[in-house]
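Undergrad: Just a sequence and a predicted model for now, questions to come.
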Amino acid sequence: MSTTKPRIGITLGDCAGIGREIVDLALKSGRVAQAADYKTIGKYPDCTPGHPTAETARAAAAALEEAVTLARRGELDAIVTGPVHKARMYNVGFRFPGQTEF
């Protein structure tokens, strides 16, 4: 039986939303670290909760792209994505129905 943990990439989604809070709470519990090796992905701008902008949408899209690149290279086994503001994502050029389709 293998004891290797799955390698999980976690994006926060749009930092103006609840993704950062959800991820922080999940990681704080310690349960994620018991079950998987994880990496939070992305560089996020300073933002005001509840006020998504083009900049926060671009940061969310860049984090998603980085996570997918790492998975394609075989560095991640799975990706967990935080919530995004889809209208803002579409406004900055995201052309997929959602993050899963990307």
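TA: Received it, and whenever you're ready, just let me know what you need.
Undergrad: Wasn't Gln34 part of a helix?
TA: Yes: applying DSSP: H, G, I helix; E, B strand; the rest coil, one finds Gln34 inside a helix.
Undergrad: On the three-state scheme, Ile10 is what?
TA: strand.
Undergrad: Around it, count how many other residues there are.
TA: The number of residues packed near Ile10 is 25, by other Cβ atoms under 10 Å. Just so you know, the C-beta spots here come from the backbone N, C-alpha and C atoms, and that holds for glycine as well.
Undergrad: shouldn't Ala33 be in contact with Leu27?
TA: Yes: counting by Cβ atoms under 8 Å, Ala33 does reach Leu27; the two are 7.3 Å apart.
Undergrad: Of those two, give the one with the bigger neighbour count.
TA: Leu27 (14 against 11).
Undergrad: Okay, now the unreliable bits of this structure?
TA: Applying pLDDT under 70 to the chain flags residues 1-3.
Undergrad: which residue ranges form the helices in it?
TA: Using DSSP state H, the helices of the chain run over 19-28, 31-35, 54-72, 86-91.
Undergrad: can you pull the contacts of Ala78?
TA: Each residue near Ala78 by Cβ atoms under 8 Å, 6 or more residues apart in numbering is listed here: 6-9, 71.
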